[in-house]
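# Predicted model, plus sequence, below.
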Amino acid sequence: MTPESRARLEALGVVLRVYRLHAFMSEDGLRVVNPAVEGCCGAHPSDVISVRAREDDGGRAWFFTSWRHPVAEAERVVDAVMVIRELLDGTPGVAL
């Protein structure tokens, strides 16, 4: 993970914690957990968010889920927070 990617993920984590999600860095990226709802495969819904270039957007940096689904452009932290909150709201089958 590059220092720039780590900085972007840490900034995202700060905002996610404001919304009462647990967010902490791991070697794979930013692990985000919603402790407010029960999960289907674990105690609580969670995912690991990463930053990488999105080729179909000119190689700009984007946040991605662990399933490699794009979340939002890395410059659009508020948009990423909204998508991640919806993703981890405990509703099965949330479409990205």
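Arrived safely. Residues are numbered from 1 along each chain as shown.
# burial count for Ala7?
Ala7: 12 surrounding residues under other Cβ atoms under 10 Å. Heads up, the C-betas are built off the backbone N, CA and C, glycines and all.
# now for whatever helix or strand it lives in, which elements pack on it?
Assigned by DSSP states H and E, Ala7 belongs to helix 3-18. The contact analysis (3 or more Cβ pairs under 8 Å, 6 or more residues apart in numbering; DSSP states H and E) places helix 3-18 against strand 22-26, strand 29-33, strand 46-54, strand 60-64, helix 77-87.
# what mean pLDDT does it have?
Computed over helix 3-18, the mean pLDDT rounds to 97.
# Pull out the buried residues from that helix.
5, 8-9, 12-13, 16 (16 or more other Cβ atoms under 10 Å).
# ok, now how distant is the most centrally placed residue in the chain from Arg8?
Residue closest to the mean C-alpha point of the chain, counted by Cα atoms, centre = their mean, is Ile49 at 3.8 Å. From Ile49 across to Arg8, the span is 10 Å (Cβ to Cβ, to the nearest Å).
# any common contacting residues for the two?
Common contact partners of Ile49 and Arg8 (Cβ atoms under 8 Å, 6 or more residues apart in numbering): Phe63.
# What residue in the protein is the furthest from its centre?
Gly58 (21.0 Å).
# Quick check: pLDDT value at it.
95.
# For the remainder of this discussion, apply numbering that starts at 44.
Understood, numbering begins at 44; the last thing we discussed is Gly101.
# What does it show for phi and psi?
Main-chain torsions, Gly101, degrees, to the nearest 10: phi 70, psi 20.
# before we move on, the earlier item: got the CA positions of the helix holding Ala50 in PDB?
What follows is helix 46-61 as a C-alpha-only set of coordinates in PDB (Å, rounded to 0.1, in the frame of the first residue of the first chain):
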ATOM      1  CA  PRO A  46       1.600   6.200   1.500                       C
ATOM      2  CA  GLU A  47      -0.900   8.200  -0.500                       C
ATOM      3  CA  SER A  48      -3.400   5.300  -0.500                       C
ATOM      4  CA  ARG A  49      -2.900   4.800   3.200                       C
ATOM      5  CA  ALA A  50      -3.600   8.600   3.800                       C
ATOM      6  CA  ARG A  51      -6.800   8.400   1.800                       C
ATOM      7  CA  LEU A  52      -8.000   5.400   3.700                       C
ATOM      8  CA  GLU A  53      -7.200   6.900   7.000                       C
ATOM      9  CA  ALA A  54      -9.100  10.100   6.100                       C
ATOM     10  CA  LEU A  55     -12.000   7.900   5.100                       C
ATOM     11  CA  GLY A  56     -11.800   6.100   8.400                       C
ATOM     12  CA  VAL A  57     -12.000   9.300  10.400                       C
ATOM     13  CA  VAL A  58     -15.300  10.200   8.700                       C
ATOM     14  CA  LEU A  59     -16.700   6.700   9.000                       C
ATOM     15  CA  ARG A  60     -16.100   6.800  12.700                       C
ATOM     16  CA  VAL A  61     -18.100  10.000  13.000                       C
END
